[in-house]
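Trainee: need a structure here:
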Amino acid sequence: MTNTVQQSNATESPTDQSNWPSHARRRRTEADIESGGQKKKGRGVLKGIKVAKKRFANGSSKLHIEFSKTLGGSIGENYRMFVDDVVVYMKRKAPLIGVNKWSAIDSSVKDSIVADVIAKWDLEDTYSTKGKILTIARDRYRGWQSTLHSTYKAYSTDAQRRANKPEDVTPEEWDYMINYFGIGLKFQVTSMYITRCSK
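Mentor: Residues are numbered from 1 along each chain as shown. Okay, here's the model as predicted:
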């Protein structure tokens, strides 16, 4: 099986990646690494390092964030870091295995995400704040699943998919998602319907 994975990876060239869905995860090629090419600066997988550095430099554990009174989204100088921090906590806490949509996630998990965010940010613990945090987490959870599905579609065999696991999921989660995307009849029907409607 190892030989099959190596052979299947050898057939994937950078030109094949041009046919991938727009937000599929791409890997650096051996040629890029050997030529000493600098790693492209991009968004990448969020780890919360930028927020931690700013907290350390600030000397306080909590950073300030405001919400727009008209639109409800985060605003101010820390708005991007706030959203990134919510995503980090969401990815740590929200399960991929056994859950196919945000509404199926247990409320205790959602409450835990909100509690972690409120502990690190200068926010009041109100129902409104909780709703705004969960809206961000819900939207990013959907985007995360969409990106994983695009990465799944970028490879033609399950062996290639397993060999090219995204950084932000465990091998068990990725194996579950491969089975979910490949075998899940409900997911396939929904995906075909969305594809047909978008044309």
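
Trainee: Okay, now the unreliable bits of the protein?
Mentor: With pLDDT under 70 as the threshold, the chain has low-confidence stretches at 1-60, 184-188, 199.

Trainee: try it again with 50
Mentor: Counting by pLDDT under 50, the ranges of the chain that qualify are 1-15.

Trainee: Let me see the ranges of the strands in it.
Mentor: With DSSP state E applied, the chain shows strands at 63-64, 66-67, 74-75, 121-122, listed in chain order.

Trainee: so what does the longest helix anywhere in the chain touch, helix or strand wise?
Mentor: Among all segments of the chain classified by DSSP state H, the helix with the greatest residue count is helix 127-154. If contacts are counted by 3 or more Cβ pairs under 8 Å, 6 or more residues apart in numbering; DSSP states H and E, helix 127-154 sits against helix 79-93, helix 107-120, helix 171-183. All C-beta atoms are positioned from the backbone trio N, CA, C, and that covers glycine.

Trainee: Those helices: which one's closest to residue 126?
Mentor: helix 107-120 (9.6 Å; Cβ to Cβ).

Trainee: list the buried ones in the closest one?
Mentor: 110, 113-114, 116-118, 120 (16 or more other Cβ atoms under 10 Å).

Trainee: Residues contacting it, please?
Mentor: 51, 55, 61-63, 85-86, 89-90, 93-95, 123, 125, 129-130, 133-134, 137 (Cβ atoms under 8 Å, 6 or more residues apart in numbering).

Trainee: Select only the buried ones of the residues you listed in PyMOL?
Mentor: Applied in PyMOL, the following selects the buried portion of the contacts of helix 107-120 according to 16+ other Cβ under 10 Å:
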select buried, resi 51+55+63+85+86+89+90+93+94+123+129+130+133+134+137
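
Trainee: picking up where we left off before, to residue 178, which of the strands of the chain lies closest?
Mentor: Each of these has some distance to residue 178 by Cβ to Cβ; the shortest is strand 74-75, at 34.1 Å.

Trainee: Note down every partner strand of the closest one and its orientation.
Mentor: Using DSSP bridges, the strands paired with strand 74-75 are strand 66-67 (antiparallel).

Trainee: what's the strand it pairs with in contact with?
Mentor: When contacts are defined by Cβ under 8 Å, 6+ apart, strand 66-67 is touched by residues 73-76, 129, 132.
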